[in-house]
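Undergrad: Task: produce atomic coordinates for the following.
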Amino acid sequence: MGRYYYLILRKLFWFARVIWKMRRMATDKKETEENAYEYLRSVVEVMKKTTRTRTEVYGLENLPKEGGYVMYPNHQGKYDAYSIVTVHEKPCTVIMDKAKSYDLFINQVIDLINGKRLDKEDVRQSFGIISEVAEEVKQGRRYIIFPEGEYDQNKKNALWDYKAGCFKVSTKSKTPVVPVVLIDSYKAWNSNCFGTVTTQVHFLEPILYDEYKDMKTHQIAAIVKERIQEKINEVS
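TA: Residues are numbered from 1 along each chain as shown. Take a look at the predicted model:
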């Protein structure tokens, strides 16, 4: 059945209440970004407790103190973005594949934190979303973008190729690139093990605009992937 579906069945009525509240908060113009984000974090804590998931965080001191930035993590499973949210105190949001963003609960989460839906089949729409997000990051918002695009829990802590295009958000906004390493995140909600699971989130030193301004996006992607792989090798 898997840990994620166990979670849904175990907390079915709770999920119904959460979804209702998320919908209400997302449509309330008086609701602040901070309140919405804190509510999501409280929801994730319940989900973690139900699935006996612990997340250790390292490198919080590496996160920029001011301004917007983009976090680029490796991708392993359903828990990935939530694992970052649960340890990242300041509000952040995510770009997600439009085709998968309308699933029940995920749909409400995206609306709650004003995430973006990117249509991989529509080049014009994708370019528009990248430009829109870049402007928001320039104005101080913080985003999570998965350069691998998709995940397969069977690859575990291995990495897939990084898509260079997503780094255009950083080159356009001229803001810090923050590599993020997720360790054993696939075990949280994608595995069939029902014991306690411990995952890790490592925020690496940011790559500042002055360091990458003369690079092509594929070069930035290669550097981020290399640093993430180094940390995985170190921890594993």
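
Undergrad: In terms of secondary structure, what does the helix or strand harbouring Arg17 contact?
TA: Assigned by DSSP states H and E, Arg17 falls within helix 12-27. On a contact count with 3 or more Cβ pairs under 8 Å, 6 or more residues apart in numbering; DSSP states H and E, helix 12-27 meets helix 33-50, helix 106-112. Glycine gets a C-beta too; all of them are placed from N, C-alpha and C.

Undergrad: In this protein, which residue is most central in space?
TA: Ala81 (3.2 Å; Cα atoms, centre = their mean).

Undergrad: how close does that one sit to Ile95?
TA: Counting by Cβ to Cβ, to the nearest Å, the separation of Ala81 from Ile95 is 10 Å.

Undergrad: just His218 next, same as before
TA: 19 Å.

Undergrad: Pick out whichever of the two has more residues nearby.
TA: Ile95 (23 against 13; other Cβ atoms under 10 Å).

Undergrad: Setting the sequence-adjacent residues aside, check what's closest to the more buried one.
TA: In space, Ile95 comes closest to Lys116 once its chain neighbours are excluded; the distance is 4.7 Å by Cβ to Cβ, 6 or more residues apart in numbering.

Undergrad: Ok, Gly2 next?
TA: Asn192 (5.7 Å).

Undergrad: Count residues in the vicinity of the closest residue to Lys11 other than its chain neighbours, would you?
TA: Nearest non-adjacent residue to Lys11, counting by Cβ to Cβ, 6+ apart: Thr50, 5.9 Å away. For Thr50, the count of nearby residues is 15 (other Cβ under 10 Å).

Undergrad: How about Val87?
TA: Look at Val87: counted by other Cβ under 10 Å, it has 16 neighbours.

Undergrad: who's in contact with it?
TA: Thr55, Val57, Leu60, Val201 (Cβ atoms under 8 Å, 6 or more residues apart in numbering).

Undergrad: Return the per-residue confidence for it.
TA: Confidence at Val87, expressed as pLDDT, is 98.

Undergrad: what about the protein, any weak spots by pLDDT?
TA: By pLDDT under 70, the low-scoring segments of the chain are 1.

Undergrad: would you list every one of the helices in it?
TA: Along the chain, counting by DSSP state H, helices occupy 3-10, 12-27, 33-50, 80-87, 106-112, 123-138, 168-173, 186-189, 209-212, 217-235.

Undergrad: For Asp152, find the nearest of these.
TA: Set against Asp152 and scored by Cβ to Cβ, the helices of the chain come closest in helix 186-189, at 8.7 Å.

Undergrad: Measure how far the closest one is from the centre of its chain, please.
TA: Averaging C-alpha positions (Cα atoms, centre = their mean, to the nearest Å) puts helix 186-189 15 Å from its chain's average.

Undergrad: repeat for stretch 25-44
TA: On Cα atoms, centre = their mean, the centre of stretch 25-44 falls 17 Å from that of its chain.

Undergrad: buried set for it?
TA: Met25, Ala26, Ala36, Tyr37, Tyr39, Leu40, Arg41, Val43, Val44 (16 or more other Cβ atoms under 10 Å).

Undergrad: Identify the contacts common to Ala81 and Ile95.
TA: Common neighbours of Ala81 and Ile95 (Cβ under 8 Å, 6+ apart) are Ile144.

Undergrad: wait, what's in contact with the closest residue to the residue nearest to the centre of the chain other than its chain neighbours?
TA: Leaving aside its chain neighbours, Ala81 sits nearest to Val94 (5.2 Å; criterion: Cβ to Cβ, 6+ apart). Residues counted as contacts of Val94 (Cβ under 8 Å, 6+ apart) are Ala81, Ile110, Ile113, Gly115, Lys116, Tyr143, Ile144, Ile145.
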